[in-house]
Each structure stands twice: as C-alpha cells, then as structure tokens.
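Peer 1: what follows is a predicted protein model with its sequence.
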Amino acid sequence: MKIYIYRRLFVLLCCACSVIATAQTNHAQHTTNKIELGTSSAVDAQGRWWVASKAAGESDKNGDTIVLQMSTDAGQTWSTPKPIDTINEAIAADGESRPKIAFGSKGELFIAYNKPLAKPYTGDIRFVRSLDGGVHFSTPVTVHANRDLITHRFESMILDASGRIYIAWIDKRDAEAARARKEKYAGAAIYYAVSDDAGASFQGDFKLAEHSCECCRIALALNPAGMPVAMWRHVFAPNVRDHGMATLSADGVAQPMTRVTFDDWRIDACPHHGPALAFADDGTRHQTWFNVKGEQGGVYYAAASADGVLGKPIRLGSAQAEHADVMVQGRQIILVLKQFNGTSTSIFARASLDGGASWQEREIASTKGHSDQPHLLRTLTGIALQWRTQQEGVQIKLIEAEKWQTK
C-alpha cells in the first residue's frame, strides 16, 4: 500500500511537471514572470569562470538571448552580463534543460541550447560559437539534419580528448514514425551529432539508442581513453525506467548499450530527473540517479569497477533529495544534491578523499527562493559547485573537503 501511494503521488507530480514543461515550450504564450534559472559554467585556460544563462526578450514580439558573465576571482565578482547579439529566438532554460557552454583547445567558446517551437514538447538543438574569446559569435545553426516539428530536446554537450564536439539529445522521430504505422513505441530515442572542425559543421544524425525516457537529461562524461560516454534513463521492457549507458563514436557506428541501474521502477511517466556520470583515471565509474526501488524512492549513488561490476547503491539525503551531480579528481570524489526542508532549499555535499573508502558530508549552500539544479565543475584549483538562485544569483563555491572536520 505504501509504494502504491508513493507512486500515485509521483505520477501526479510528473503530470504537474508536464504542465510546466508545456508552458515552457509553448513560446506562443510567452510570459514575462516565468523563473528560468537554468545556467551552465565552464573554466577557460586562464582559469576564468564563465557562466551562460538566458535573458528574456523585452516583449512577446522579441525573442530571447543568452547572456555571458565572466569572473576572474572564482565567482566573488562578475563582469557585466553581455548578451549574444546573434541569438534572437525562444530558449529553454529551466529544469532539465539549460544552455550549455564549453571551451575548445584554442580558446574557442561553444554554446548549445534548445529552441522551443510552437507545438508543445517540440524543439530544435541550436549551436553558436566564438573564435575570439566571446567578443563575436556566429549565427545560430541547427545541429541535427532532421527538421520535423517533433521533440529534439534536452541536449548535452562535451568535447573529447581530440577536441571533437559531441552534442546528444532526446529525439522522437522514431516514435512519430511508429505512430504513423500504428505501432507502439515506448519513450523516445537518443541521437547525437559530431563536429571535428570546431563547430563549423556537424555530422549526424547518429542514433545511440531507442526507447529512452522522454524528459530526463542525458549525462555525458569522458572515460579514461578520452571518449564520451552517455548515461540516460531508458525504458526497458515492459516499462521499466532504469538507466542505460553507451560510448559515443566519432563515426556514428552504433555501440552496444549496457544497463547500469537495476531498480525495476515500473511507471508510465517521465520523472524529469536525469542521472550524473563521472570516471576516475583507473576506469572506475561513478554515477548518481533518481529512482524508486522497492518501497523507497530517492537519489542514489554507486561506483562500478573498470570491468563494469556495480557496487551496492547508497541512498543520498532524505526523501526530498533531488538532482545530484558527481565529479572525480584523482582520489577525490564529490557528490552534491539539492534538498528542500519545507522552508528552504539546501545543497548538501558528500566527499571522499580516498577513492570512496570513507566519506564526509555537510551543507554548503542554501536559499529560501527558487533555484536551479546544482552543478559540479573541475577547475584549475579543484572541484567547485555552481548554483544559481533567485535571491543570491550565481554562487560559486570551491569544495575544499580536505579542510572539513569529521564529526
């Protein structure tokens, strides 16, 4: 009975999220009071921290743009927000969708984002670049060759060890084709495109997997060989919302998918809650995810050995924990999650300095207003948290776990 009630409440929550997503993606009803805090960050070769976020247009007739800010003092002060004047269109920047920013080996600045279209749950994956340190930007281009009015959403971007740009997204072309044939099709699919000329062009559309969940972000991380690996919520038969993983290849040759969570959560809804992924130098895989397992739902973490043997999952935080992220640097493992206590939202960090043999935990940030999801990033001085809140703005916090006192 307990699990039935829990699942029932969660389905209602998913439905509420779908209503929010509809309002977000239908820019024909462009409202000015939406709170879209989705922000991403990257550190350039000089150690400067950059953040990219959405700035709304001045009226319903105007589009949105993306603004950049830069900090030379680890987020203590920020430059004046600079709009990218080549962008003037709808932009998604809330929940599982946000603009993505990355730097190339020659200082190129790359930004990927989702452009919602007029029909609910549809969109295009867009891309702009700057070759002069963010002074000038190219005209936005659509990454995928498919131009159907369907779901191309929830993009993720990463550069491999050779500097190629990979952009993966959730795509519904196969679901729409199946529906036209009056056939059943579970979920959506994962597609990706690759650029080997610093974003001047993209090759694809390469299909990574069919039957992904429809509204959960895709986690991308480089393995020790410098190749990008994707982890996503998958729909396993008959309707199990666990997670799959596969390596992306530059030539688009299909790679086998591996199942990497085994909670057996059976629900005909999308929880809007994607996983996070990181690899250690020795090939150990670290992953976080949200699921319902037995009668207990929440955020989980587990590590898998280089040969793929998954350790026992550990539940993180309380029942209100959500949107965890993970980052690895040497023997250090950092986990962060967002948690609401009824009056305020906090970010809790869990850290290990010895490869996971021992852990310490503490609260590192909080707010009483709306907030984005927490994100981790490797900087020149260590692993840091980036978190944007409605009241405090963009917060940058270096996670110095070696200074924590064990209680």
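Peer 2: Nice, I can see it.

Peer 1: got the CA positions of the strand or helix carrying Val235 in CSV?
Peer 2: Assigning secondary structure by DSSP states H and E places Val235 in strand 228-236. Only the C-alpha atoms of strand 228-236 are listed here, as CSV (Å, rounded to 0.1, in the frame of the first residue of the first chain):
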residue,chain,number,x,y,z
PRO,A,228,32.5,10.4,-24.4
VAL,A,229,30.1,8.1,-22.6
ALA,A,230,26.4,8.8,-22.3
MET,A,231,24.1,7.6,-19.4
TRP,A,232,20.3,8.2,-19.7
ARG,A,233,17.0,7.0,-18.3
HIS,A,234,15.9,4.1,-20.5
VAL,A,235,12.6,2.3,-21.0
PHE,A,236,13.4,-1.4,-20.6
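
Peer 1: name the residues of that strand that come out as buried.
Peer 2: When burial is assessed from 16 or more other C-beta atoms under 10 Å, strand 228-236 yields the following buried residues: 228-236. For every residue, glycine as well, the C-beta is placed using N, CA and C.

Peer 1: for the residues you listed, which one is nearest Gly297?
Peer 2: When the buried residues of strand 228-236 are ranked by distance to Gly297 (C-beta to C-beta), Arg233 comes first, at 14.1 Å.

Peer 1: which residues touch Cys216?
Peer 2: Each residue near Cys216 by C-beta atoms under 8 Å, 6 or more residues apart in numbering is listed here: 96, 154, 232-233, 270-275.

Peer 1: quick check, nearest of those to Pro313?
Peer 2: The shortest separation between Pro313 and any of the contacts of Cys216 is 12.1 Å, and it belongs to Pro275 (by C-beta to C-beta).

Peer 1: low-confidence ranges, the protein, go.
Peer 2: Low-confidence regions of the chain, defined by pLDDT under 70, span residues 1-34, 56-62, 405-407.

Peer 1: can I get the buried residues of strand 228-236 in TSV including distance to Gly311?
Peer 2: Listed next are the buried residues of strand 228-236 as TSV, based on distance: C-beta to C-beta, whole Å:
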residue	distance to Gly311
Pro228	23
Val229	18
Ala230	21
Met231	16
Trp232	21
Arg233	20
His234	20
Val235	25
Phe236	21
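
Peer 1: so which of these is the closest to Ser41?
Peer 2: Lowest distance from Ser41 to those (C-beta to C-beta) belongs to Pro228, with 19.1 Å.

Peer 1: could you dump the contacts of Cys216 into CSV with distance to Glu392 added?
Peer 2: Rendered in CSV, the data for those read as follows (distance: C-beta to C-beta, whole Å):
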residue, distance to Glu392
Glu96, 22
Phe154, 26
Trp232, 31
Arg233, 30
Cys270, 30
Pro271, 27
His272, 24
His273, 24
Gly274, 25
Pro275, 27
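
Peer 1: what would those residues look like in a markdown table with secondary structure?
Peer 2: Written out in a markdown table, the entries for the contacts of Cys216 read as follows (DSSP: H, G, I helix; E, B strand; the rest coil):
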| residue | secondary structure |
| --- | --- |
| Glu96 | coil |
| Phe154 | strand |
| Trp232 | strand |
| Arg233 | strand |
| Cys270 | coil |
| Pro271 | coil |
| His272 | coil |
| His273 | coil |
| Gly274 | coil |
| Pro275 | coil |
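
Peer 1: mind listing what the residue nearest in space to the middle of the chain touches?
Peer 2: For the chain, Arg217 is the residue whose C-alpha lies nearest the centre (C-alpha atoms, centre = their mean; 4.8 Å). If a contact means C-beta under 8 Å, 6+ apart, then Arg217 has 96-97, 154, 156, 274-275 as its contacts.

Peer 1: host element of it?
Peer 2: With elements taken from DSSP H and E, nothing contains Arg217; it lies in neither a helix nor a strand.

Peer 1: measure the closest residue to it other than its chain neighbours to Ala250 for me?
Peer 2: Nearest residue to Arg217 in three dimensions, chain neighbours excluded: Gly274, at 3.2 Å (C-beta to C-beta, 6 or more residues apart in numbering). Gly274 sits at a distance of 24 Å from Ala250 (criterion: C-beta to C-beta, to the nearest Å).

Peer 1: repeat for Glu210
Peer 2: Here the criterion is C-beta to C-beta. By it, Glu210 lies 21 Å from Ala250.

Peer 1: show the backbone phi and psi for Lys403.
Peer 2: Phi and psi for Lys403, reported as degrees, to the nearest 10, are phi -90, psi -10.

Peer 1: count the residues that sit near the residue nearest to Arg217.
Peer 2: Residues contacting Gly274 under the criterion other C-beta atoms under 10 Å number 26.

Peer 1: just Lys172 next, same as before
Peer 2: 23.

Peer 1: tell me the contacts of it?
Peer 2: When contacts are counted by C-beta under 8 Å, 6+ apart, Lys172 is found next to 150-151, 188-189, 214.

Peer 1: give the pairing partners of the host helix or strand of Arg126; include direction for each.
Peer 2: Assigning secondary structure by DSSP H and E places Arg126 in strand 123-130. Under the criterion DSSP bridges, strand 123-130 sits next to strand 109-116 (antiparallel), strand 141-142 (antiparallel) in its sheet.

Peer 1: outside of the shortest one, which residues touch it?
Peer 2: In other words, strand 141-142. In this structure, residues lying in contact with strand 141-142 by C-beta under 8 Å, 6+ apart are 124-128, 202.

Peer 1: dump the residue contacts of Gly317.
Peer 2: Applying C-beta under 8 Å, 6+ apart, one finds that Gly317 lies in contact with 298-299, 337, 339, 348.

Peer 1: looking at those residues, which is nearest Ser138?
Peer 2: Looking at the contacts of Gly317 and their distance to Ser138, the nearest is Leu337, at 36.4 Å (C-beta to C-beta).

Peer 1: what bridges to the closest one?
Peer 2: When bridges are called by DSSP bridges, Leu337 pairs up with Phe348.

Peer 1: where do the strands of the stretch 101-250 of the chain begin and end?
Peer 2: Counting by DSSP state E, counting those that start in this stretch, the stretch 101-250 of the chain has strands at residues 109-116, 123-130, 141-142, 152-159, 165-171, 188-195, 203-212, 219-222, 228-236, 240-247.

Peer 1: great, nothing more from me.
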